[in-house]
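>>> what would the 3D arrangement of this be:
(chains A and B)
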Amino acid sequence: MSSGAEPMNGYFSARDLAMHFGGIRAVEGVSFDVRQGEVFSIIGPNGAGKTTIFNMISRIYTPSAGSLHFAGQDITSIAPHRIAGLGIARTFQNIELFANASLLQNLLIGRHCHSTVPILSQLVFLPSVRRAEVAHRRRAEEVIEFLGLQRYRDQLIANLPYGVRKVVELARALCTEPKLLLLDEPSSGLNVEETEEMAFWIDDIKKDLGITIIMVEHDMKLVTAVSDRVMALNQGSILAMGTSAEVQSDPEVIRAYIGGEVAPATGAAPGDVR
Amino acid sequence: MSQLKTDYAQDLVLARKPSSLAWYGLLLAILLLIPHTLSEFYVGEMSFVFIYAIAGVGLMLLTGYTGLVSLGHAAFLGIGAYANAILLAKGVPFALSLPAAGLIAAFAGVVIGIPTLRMSGLYLAIATLAFGSIVGLVAEKWDSLTGGFDGFPVPHPSVLGLVITAPTGVYYLALGVLVLVVLVAMNILRSPLGRAMVAIRDSEISAQSMGINLALYKTVAFAISAGITGLAGALFALYVRHLAPDSFGVLLSIQLVTIVFIGGLGSLQGAIFGAIFVAQLPQVIAIVRDDLPFGIGRMPGLEPSLFGLILVLVIMFEPAGIHGRWLKLKRWCREFPLHRRAAFRRQKTYAKTDRLR
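Numbers count the residues shown, from 1 in each chain, chains lettered A, B, ... in the order given. Take a look at the predicted model:
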């Protein structure tokens, strides 16, 4: 069933996506394509529908209308727990780590979608389970090394500072070996230095690991630094799409953020005031 | 303090330090010798603690690790007890009736698990409470099978040709099953299954995003928990020798919940500590009953109200339970002259989101 006039030419495609909560139209008629290997940022004022789009992609919400395609597959109505297995991982705006487990345990939960040992063999911990566990730890260790989390390895998440937890969430997402990574406000709650570090991680993930990234972000400096393309949303619809500079100088975008006519911004202009 | 790991396999051992392995070995040796040294009364009391500990481990996996509260676990204990007794009466050998009792209880766990998948917290607690009442009613009314209020005499089982009559037999059986159950629980906790359970407890939404099938794993947790509790029930039948439907009521369910809360949520040792406490509290009450002032000792309902009071106090002042206290005590001893008071104070966390619930 074709759900739009345009062909699905992106690595990831959303077509005429809509999400209604009762009478509220959180997202309406949003279509976009993400190319393989790019960083695609979604910006917009609070309540624009950014996180709602993320929740539809990770299937926490079922879209009211429209379709989602990833790597040639229709994922609009797939079970939410199968999304990770398809290669889509995400982080959360407010950090949804497993707080009473160690960092390593959290990363190992990220390996869950690659776990194939039957449950009965886990009860008696057969050698096959042991081999799989060692292999998972090896992979988790690679991610720990990649993001420089060695010294926190055995600490409980509840004891880690906020900035580190943000990186742990990134690490957990990487442990699923994603092809597409959804980052929901990776810089929220981080200080300037930590945000700069986050920009480096995102760039590394894109260049070294070749992972496609869709990011929701308020910090325009971070968006400008890492994004290939930017989509601006307001009240559930697309305002503008293009490079970071193009979107930031779009008069509609400026009006949505500040309200009224303002000279086009150059650097880090329309940041969200918190 | 913590030794460095040089091998991934070190992360998978059951006992972190060789010394703790030695301590557990010593404990087991002492427990094996107890029936030869102590009187029958103590052997019986210890068996009772073991049985509660088995059920405690079962409920701990569900409540402490998966975060699903059940107020109906007495029903699984009852199902295990009746299943074992009825199978024994029908001539099934004990070697089969014991695992069968566990499996039947596990199946009941699936039956209650599936309709309650979308519930959590208070709603789940109420649904399981209702399930417990239903099972109690069925045991009462289906008297052709259970004997109803007349009760059901439990036949003496025979293990390897030996007929178990003395409390010593039940003691060794319960100890063996407890050790086995603890080992299985430890295996679960170091496997993907255990991690999935903890993930569901801490954040369902991200557990799901990590590829954990919530419905499947909650059902599995229910089944395993109910199965283990059913094994405890099967041994309980041998222990009490005569089953009556009212022994598996709400009070027993609350006792089981008290085991995991007082012991300390999210700790297997906690389940054992809690079982010792809950199984022995009635004995302590019986001993001090006559010495209490103002006739408190003769008040009806003293025991349940004490259970309730203790549960409330533990939740208010030591949410980590006896196990949490124990960890703090160990730490205090280790750091003794240099300990900092703040390290032992209760911590609160505020960084929890309800956004997607």
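>>> list the contacts of B:Thr165.
With contact set as C-beta atoms under 8 Å, 6 or more residues apart in numbering or on different chains, B:Thr165 has these partners: B:His156. The way it works is simple: take the backbone N, C-alpha and C, and place the C-beta from them, glycine included.
>>> how about the strands in chain B?
Secondary structure of chain B by DSSP state E: the strands cover B:152-153, B:158-159, B:162-163, B:242-243.
>>> and of these, who's closest to B:Tyr52?
For B:Tyr52, the closest of these is strand B:242-243, at 16.9 Å, according to C-beta to C-beta.
>>> who does that closest one pair up with?
strand B:152-153 (antiparallel) (DSSP bridges).
>>> so how far is the partner strand off the chain centroid?
Per C-alpha atoms, centre = their mean, to the nearest Å, the displacement of strand B:152-153 from the mean C-alpha position of its chain is 25 Å.
>>> again, but for stretch A:49-59
On the basis of C-alpha atoms, centre = their mean, stretch A:49-59 sits 10 Å off its chain's mean C-alpha point.
>>> likewise stretch B:5-21?
Distance, centroid of stretch B:5-21 to centroid of chain: 26 Å (C-alpha atoms, centre = their mean).
>>> one more: stretch B:41-57?
On the basis of C-alpha atoms, centre = their mean, stretch B:41-57 sits 11 Å off its chain's mean C-alpha point.
>>> and the strands of chain B, which is most packed in?
Highest mean neighbour count among the strands of chain B (mean count of other C-beta atoms under 10 Å in any protein chain shown): strand B:242-243, with a mean of 18.
>>> hang on, isn't A:Leu174 packed against A:Ile205?
Yes - here A:Leu174 reaches A:Ile205: they are 7.1 Å apart, a contact under C-beta atoms under 8 Å.
>>> if I look at these two, which residues touch both of them?
A:181, A:211.
>>> stretch B:214-234 close to chain A?
Yes - Stretch B:214-234 is in contact with chain A by C-beta under 8 Å from any C-beta of the partner chain, via B:214, B:220, B:224.
>>> now neighbour count and pLDDT too, for these, in TSV please.
Shown next, in TSV, are the residues of stretch B:214-234 next to chain A (neighbours: other C-beta atoms under 10 Å in any protein chain shown; pLDDT from 0 to 100):
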residue	neighbour count	pLDDT
B:Leu214	19	91
B:Val220	21	94
B:Ile224	24	96
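>>> out of those residues, which sit inside helices?
B:214, B:220, B:224 (DSSP state H).
>>> how about the helices of the stretch 201-350 of chain B, start to end?
With DSSP state H, counting those that start in this stretch as the criterion, the stretch 201-350 of chain B has helices at B:204-209, B:214-240, B:250-263, B:268-288, B:302-317, B:321-334.
>>> which one of these is the most hemmed in?
Of all the helices of the stretch 201-350 of chain B, helix B:214-240 has the most neighbours on average by mean count of other C-beta under 10 Å, namely a mean of 26.
>>> show me what it is packed against.
Applying 3 or more C-beta pairs under 8 Å, 6 or more residues apart in numbering or on different chains; DSSP states H and E, one finds that helix B:214-240 contacts helix B:40-59, helix B:73-89, helix B:94-113, helix B:167-189, helix B:192-202, helix B:204-209.
>>> contacting residues for the nearest residue to B:Arg190 once chain neighbours are set aside?
Closest residue in space to B:Arg190, ignoring its immediate chain neighbours: B:Leu12 at 5.9 Å, by C-beta to C-beta, 6 or more residues apart in numbering or on different chains. Taking C-beta under 8 Å, 6+ apart, we find B:Leu12 in contact with A:130, A:133-134, B:190.
>>> from B:Leu180, how far out is B:Leu12?
19 Å (C-beta to C-beta, to the nearest Å).
>>> which strands or helices does the helix or strand harbouring A:Lys206 pack on?
Following DSSP states H and E, one finds A:Lys206 within helix A:192-209. If contacts are counted by 3+ C-beta pairs under 8 Å, 6+ apart, helix A:192-209 sits against helix A:127-147, helix A:162-175, strand A:212-216, helix A:220-226.
>>> could you identify which of these is most buried?
strand A:212-216 (a mean of 24).
>>> what sits against the closest residue to B:Leu189 other than its chain neighbours?
Nearest non-adjacent residue to B:Leu189, counting by C-beta to C-beta, 6+ apart: B:Tyr65, 7.1 Å away. With contact set as C-beta under 8 Å, 6+ apart, B:Tyr65 has these partners: B:189, B:194, B:197-198, B:201, B:221, B:266.
>>> could you redo the last one with a cut-off of 10 Å?
Shown in contact with B:Tyr65 (C-beta atoms under 10 Å, 6 or more residues apart in numbering or on different chains): A:100, B:185, B:188-189, B:194-198, B:200-201, B:221, B:225, B:260, B:265-268.
>>> now the residues of stretch B:214-234 next to chain A as JSON lines including distance to B:Met299?
Supplementary listing: the residues of stretch B:214-234 next to chain A in JSON lines, determined by distance: C-beta to C-beta, whole Å:
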{"residue": "B:Leu214", "distance to B:Met299": "45"}
{"residue": "B:Val220", "distance to B:Met299": "44"}
{"residue": "B:Ile224", "distance to B:Met299": "39"}
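>>> narrow the contacts of B:Tyr65 to those that are buried.
Among the contacts of B:Tyr65, those that count as buried by neighbour count (16 or more other C-beta atoms under 10 Å in any protein chain shown) are A:100, B:185, B:188-189, B:194-198, B:200-201, B:221, B:225, B:260, B:265-268.
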